[in-house]
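**Student:** please find the sequence and the predicted model below.
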Amino acid sequence: MKSIPLLLMGCGGVGRQLLQHIVDTRSLHAKQGLLLRVLGVSDSQIMVIVPDVFTTGLTDMHLTEVCRLKSSGSSLQAMNSFGECQILKSSEVTKRIVDVAALLGRSTGLVLIDCSASSETIGILNRTIDLGCCIVLANKKPLTSQIEDYEKLVSNLCQIRYESTVGAGLPVITSLTRIIASGDTVHCVVGSLSGTLGYVMSELEGGKPFSQVVRAAKSLGYTEPDPRDDLGGMDVARKGLILARLLGLKINMDDIKVDSLYPDEMGPSLMTTEEFLDKGLPSIDTTIAERVKKSSSEGNVLRYVCTIEGSRCQVGLEELPKNTPLGRLRGSDNLVEIYSRCYKELPLVIQGAGAGNDTTAAGVLADIIDLQDRFP
Ligand SMILES: NC(=O)C1=CN([C@@H]2O[C@H](COP(=O)(O)OP(=O)(O)OC[C@H]3O[C@@H](n4cnc5c(N)ncnc54)[C@H](OP(=O)(O)O)[C@@H]3O)[C@@H](O)[C@H]2O)C=CC1
Ligand SMILES: N[C@@H](CC=O)C(=O)O
């Protein structure tokens with residue numbers, strides 16, 4: 001049996017669902033000769049880790065308890081009632097991850113998984129890569145900071161997978177990587193890359209208030225921890241930047257034109273997320289409803305579109321005819337059109353659920369399995 005040791009950073013909606021998928025697919029993976037050995041799990045405060053990282057892993061009972069505690073809002077500290085686990089404070093976590101990476105990187109191998117929504121993980125991901133380990137990301141932030149960090153992270157493509165950062169479980173990165181590897185030239189990528197904004201825009205067409213549909217998107221697990229990341233266009237811009245960099249553009253976030261759906265005075269430095277949801281959003285319900293009504297009266301719909309063409313990447317709200325592929329999009333579906341030498345008149349189209357814990361965690365799990373040849 002091939003054993004793949006894993007360390008997971010981030011135990012929110014996606015991280016917990018990943019643990020659940022790992023437990024649920026034990027017999028499937030055993031038939032394929034694979035054992036996913038979860039050595040440790042961390043959130044922003046605590047890491048739970050096995051003392052012997054060479055041979056053991058957290059049991060399925062441990063993993064289920066981690067999910068139960070985090071879902072109920074409890075601290076992972078309560079895992080200390082399981083004698084077999086070590087509990088580390090956040091100040092001790094980085095050192096332990098690096099120690100484990102140094103021990104396992106060039107022996108059994110290790111996959112460090114980033115299901116956090118933090119930009120603080122960049123340093124540890126880079127050090128882990130240097131120690132010969134693999135990384136799998138759902139978190140877009142490490143890939144969308146300065147170009148030097150991005151180039152370091154992707155310097156050895158055998159060690160990194162990040163499919164879920166764009167399109168959740170959809171094969172967007174894989175498809176583009178294959179097209180590029182074949183020598184085909186990509187001229188343009190255009191699409192709706194936000195499950196949240198896709199859901200919000202199509203629900204608004206039914207006349208529901210903006211504030212209500214944003215709350216629904218949050219409870220369905222589509223939004224970022226702070227939905228302003230979605231509504232302000234930053235989350236789509238990050239996905240656009242990841243795709244643009246994959247296409248070879250040496251650009252940073254500052255080079256992307258981003259349209260926001262909420263005004264500056266509702267920004268994160270001026271109100272909390274709860275204030276934004278309770279007071280900020282309802283105050284713009286009418287403005288947004290009028291915008292939707294106006295576009296509908298002209299036979300159009302509003303869609304939040306990302307376009308990468310030449311050296312330009314831009315994201316923003318566009319009025320599109322109802323009867324176009326993007327105009328027909330419903331719910332959290334993403335749609336990506338890739339125009340290249342081979343896909344010239346008719347693009348390669350990738351469409352499907354683009355957000356949600358289940359599909360995102362499935363994408364992360366598939367990335368882990370895709371790395372299996374790196375393990376002895
Ligand atoms: N939901 C979706 O549809 C998709 C999500 N993603 C990405 O997946 C990631 C996770 O999303 P989601 O699960 O919804 O987010 P959540 O906010 O539910 O979870 C984030 C988790 O990360 C933990 N965390 C924060 N900082 C750190 C840190 N420095 N080290 C370790 N853990 C940390 C948080 O800890 P604590 O619990 O203590 O707060 C929390 O457990 C995000 O980056 C998101 O962009 C990508 C594609 C789709
Ligand atoms: N908040 C994101 C989740 C996936 O990246 C979205 O709505 O698409």
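**Tutor:** Right, received. Where do you want to start? Ligands and ions are numbered 1, 2, ... in the order given.
**Student:** neighbours around whichever residue of the chain sits closest to ligand 1, how many?
**Tutor:** The nearest approach of the chain to ligand 1 comes at G12, 1.8 Å away (Cβ to the nearest ligand atom). C-betas here are computed from N, CA, C, even on glycine. If you count neighbours by other Cβ atoms under 10 Å, G12 ends up with 18.
**Student:** who touches it in this structure?
**Tutor:** Residues near G12 by Cβ atoms under 8 Å, 6 or more residues apart in numbering: D43, K70, C115, S116, A117, P225.
**Student:** three-state assignment of the fifth one?
**Tutor:** Under the three-state scheme (DSSP: H, G, I helix; E, B strand; the rest coil), the conformation of A117 reads as coil.
**Student:** with adjacent residues omitted, what lies nearest to it?
**Tutor:** Excluding its sequence neighbours, the residue lying closest to A117 (Cβ to Cβ, 6 or more residues apart in numbering) is P225, at 5.2 Å.
**Student:** wait, that neighbour sits on S118?
**Tutor:** No. If you go by Cβ atoms under 8 Å, P225 and S118 don't touch, sitting 9.7 Å apart.
**Student:** near ligand 2, which residues of the chain? Just list them.
**Tutor:** A168, S194, G195, T196, Y222, T223, E224, D230, D235, G354, A355 (Cβ under 6 Å from any ligand atom).
**Student:** what's around the nearest residue to the fifth one once chain neighbours are set aside, how many residues?
**Tutor:** Sequence neighbours aside, A355 is the residue nearest to Y222 in space, at 4.1 Å (criterion: Cβ to Cβ, 6+ apart). The tally of other residues near A355 (other Cβ under 10 Å) stands at 28.
**Student:** can you verify my assumption that A355 contacts K218?
**Tutor:** No. Using Cβ under 8 Å, A355 is not in contact with K218, being 11.1 Å away.
**Student:** which SS state does the residue nearest to Y222 fall under?
**Tutor:** Here A355 is coil, with the state taken from three-state DSSP.
**Student:** which residues touch it?
**Tutor:** Counting by Cβ under 8 Å, 6+ apart, A355 has contacts A168, S194, G195, T196, Y199, G221, Y222, S332, N334.
**Student:** mind putting these in CSV, secondary structure included?
**Tutor:** As requested, these are exported to CSV (three-state DSSP):
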residue, secondary structure
A168, coil
S194, coil
G195, helix
T196, helix
Y199, helix
G221, coil
Y222, coil
S332, coil
N334, strand
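**Student:** of those residues, list those near ligand 1.
**Tutor:** Answer for those near ligand 1 (Cβ under 6 Å from any ligand atom): A168, G195, G221, Y222.
**Student:** neighbours of the second one, how many?
**Tutor:** So that's G195. By the criterion of other Cβ under 10 Å, G195 has 27 neighbours.
**Student:** what's the answer for the third one, then?
**Tutor:** Here the number of neighbours of G221 (other Cβ under 10 Å) works out to 19.
**Student:** so it touches G356, yeah?
**Tutor:** Yes. G221 lies in contact with G356 (Cβ under 8 Å); the separation is 5.3 Å.
**Student:** can you find the residue of the protein that comes nearest to ligand 2?
**Tutor:** Residue of the chain nearest ligand 2, by Cβ to the nearest ligand atom: T196 (3.2 Å).
**Student:** how near is that residue to D230?
**Tutor:** Here T196 is placed at a distance of 4 Å from D230 (Cβ to Cβ, to the nearest Å).
**Student:** which ones are touching G316?
**Tutor:** G316 makes contact with G233, K257, V258, D259, Y304, V305 under the criterion Cβ under 8 Å, 6+ apart.
**Student:** quick one: pLDDT of the closest residue to G13 other than its chain neighbours?
**Tutor:** Using Cβ to Cβ, 6+ apart and skipping the chain neighbours, the partner closest in space to G13 is N357 (4.2 Å). N357 carries a pLDDT value of 97.
**Student:** any idea how many residues pack against N357?
**Tutor:** Other residues close to N357 by other Cβ under 10 Å number 22.
**Student:** now it: how far from A244?
**Tutor:** Counting by Cβ to Cβ, the gap from N357 to A244 is 27 Å.
**Student:** repeat that for K95.
**Tutor:** K95 is 35 Å from A244, by Cβ to Cβ.
**Student:** so between the two, which is more surrounded?
**Tutor:** Shown here are K95 and A244; by other Cβ under 10 Å, A244 has more neighbours (22 against 11).
**Student:** any idea whether the nearest residue to that one once chain neighbours are set aside is helix, strand or coil?
**Tutor:** Distances taken as Cβ to Cβ, 6+ apart place C313 nearest to A244, at 4.5 Å, with adjacent residues excluded. The local conformation at C313, judged by three-state DSSP, is strand.
**Student:** strands of the chain, start to end?
**Tutor:** Using DSSP state E, the strands of the chain run over 2-9, 34-42, 46-49, 86-89, 111-114, 134-137, 160-161, 186-192, 257-258, 300-309, 312-321, 333-340, 348-353.
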